[in-house]
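>>> how would this look folded up:
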Amino acid sequence: MRIKSDLRYELKYLLSREQMNELLPELLQHLDRDPHAGELGLYPITSLYYDSPDLKAYWDKLEGHRNRRKVRVRVYGDDQVTPETPAFVEIKERINSRIRKRRAALPYTEAVDFDEFDAIGSRPDQVDGALLHEVYYLYRTLQLQPACVVRYDRLALEGRDYYTDLRVTFDTNVRGRMHDLTLLSTGMAADRQVLPSDRVILEVKANQSVPLWMVRMLSAHRCTHYRISKYCAVLERSSAIQSRQRIIYNAI
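Next up is the predicted model:
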């Protein structure tokens with residue numbers, strides 16, 4: 001059995017729903033559905049992304065920097081978020097060609113209170129203290145502030161047998177907003193679709209390499225690797241960025 005490592009490879013593809021519907025039955029011959037998903041096999045994900053006033057995380061992605069970090073607060077499920085809702089403070093980091101994601105679980109109101117992370121991270125009972133200290137450092141040095149909210153529905157598959165480190169996800173109904181930047185908001189109707197309804201983001205994650213059978217399967221279904229970011233897709237709705245180079249809509 002292979003264990004998921006701290007640093008992993010992450011490949012992304014932009015598909016049509018038709019491609020997803022053709023690919024999914026074949027993948028299920030090798031993978032299992034995520035046991036945490038609901039009856040329909042899907043679960044909603046909502047993330048509040050942070051960035052500097054000059055949108056450093058966005059431009060680092062656009063310019064292809066091989067070492068970069070993003071900070072976000074994430075919740076799972078479609079229930080209304082309350083101050084006590086479990087949330088995850090996350091740092092997603094690219095180190096050369098691999099991805100590392102670290103996170104700490106806190107009630108929502110604590111998760112977004114970055115000013116208190118220096119004190120919370122020092123508590124003896126806080127096992128993720130180092131992570132919270134790092135978020136606090138980034139918050140102070142980069143002047144991080146809420147940048148956008150991203151929401152989507154995820155269908156996730158997990159590897160079995162010799163491929164237990166393998167994870168495949170399909171993200172649909174990608175939408176977001178750059179106003180009302182709190183997950184406590186009930187005004188979700190204000191979210192805007194950022195990809196056409198027939199587009200799906202496929203992500204493949206593995207420790208070292210993608211199995212040959214999957215490489216052949218993706219090729220047979222005409223899946224082309226593409227640089228794509230849901231965070232950037234939402235930001236590209238802003239007038240300040242629409243007039244400049246974009247990395248998402250060129251693929252649509």
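
>>> low-confidence regions, this protein specifically.
Scanning the chain for pLDDT under 70 picks out the ranges 1-5, 38-40, 187-189, 238-252.

>>> let's see it at 50
1-2, 248-252 (pLDDT under 50).

>>> buried sites along the host helix or strand of Tyr139?
According to DSSP states H and E, Tyr139 maps onto helix 129-142. By 16 or more other C-beta atoms under 10 Å, the buried positions in helix 129-142 come out as 129, 131-136, 138-139, 142. Every C-beta, even on glycine, is put in place using the N, C-alpha and C of the backbone.

>>> okay if I get these as a markdown table plus distance to Tyr162?
Putting these into a markdown table (distance: C-beta to C-beta, whole Å) gives the following:
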| residue | distance to Tyr162 |
| --- | --- |
| Gly129 | 36 |
| Leu131 | 31 |
| Leu132 | 36 |
| His133 | 38 |
| Glu134 | 34 |
| Val135 | 36 |
| Tyr136 | 41 |
| Leu138 | 38 |
| Tyr139 | 41 |
| Leu142 | 41 |
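
>>> next SSE downstream of the helix holding Tyr139?
Counting by DSSP H and E, what follows helix 129-142 is strand 145-159.

>>> in its sheet, which strands sit next to that next one, and in what direction?
In the sheet, strand 145-159 lines up against strand 31-33 (antiparallel), strand 42-51 (antiparallel), strand 167-177 (antiparallel) (DSSP bridges).

>>> nearest approach to Asp125 belongs to which of those?
Evaluated over the strands paired with strand 145-159, closeness to Asp125 peaks at strand 42-51, with 25.1 Å, by C-beta to C-beta.

>>> list the buried ones in the closest one?
Applying 16+ other C-beta under 10 Å to strand 42-51 flags 42-43, 45-51 as buried.

>>> so which elements touch the helix holding Tyr139?
strand 67-76, strand 86-95, strand 98-107, helix 117-120 (3 or more C-beta pairs under 8 Å, 6 or more residues apart in numbering; DSSP states H and E).

>>> got CSV for the ones you listed, with mean neighbour count too?
Shown next, in CSV, are the helices and strands packed on helix 129-142 (neighbours: other C-beta atoms under 10 Å):
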stretch, mean neighbour count
strand 67-76, 18
strand 86-95, 19
strand 98-107, 16
helix 117-120, 18
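
>>> wait, which of these is closest to Arg8?
Across the helices and strands packed on helix 129-142, closest to Arg8 is strand 98-107 (C-beta to C-beta), at 5.7 Å.

>>> the inter-axis angle of the helix holding Tyr139 versus strand 98-107?
In terms of direction (axes from the mean of the first three to the mean of the last three C-alpha atoms, to 10 degrees), helix 129-142 departs from strand 98-107 by 100 degrees.

>>> which outside residues touch helix 129-142?
Helix 129-142 is contacted from outside by 50, 52, 56, 69, 71, 89, 91, 102-104, 114-115, 117-118, 120-123, 126, 144, using C-beta atoms under 8 Å, 6 or more residues apart in numbering.
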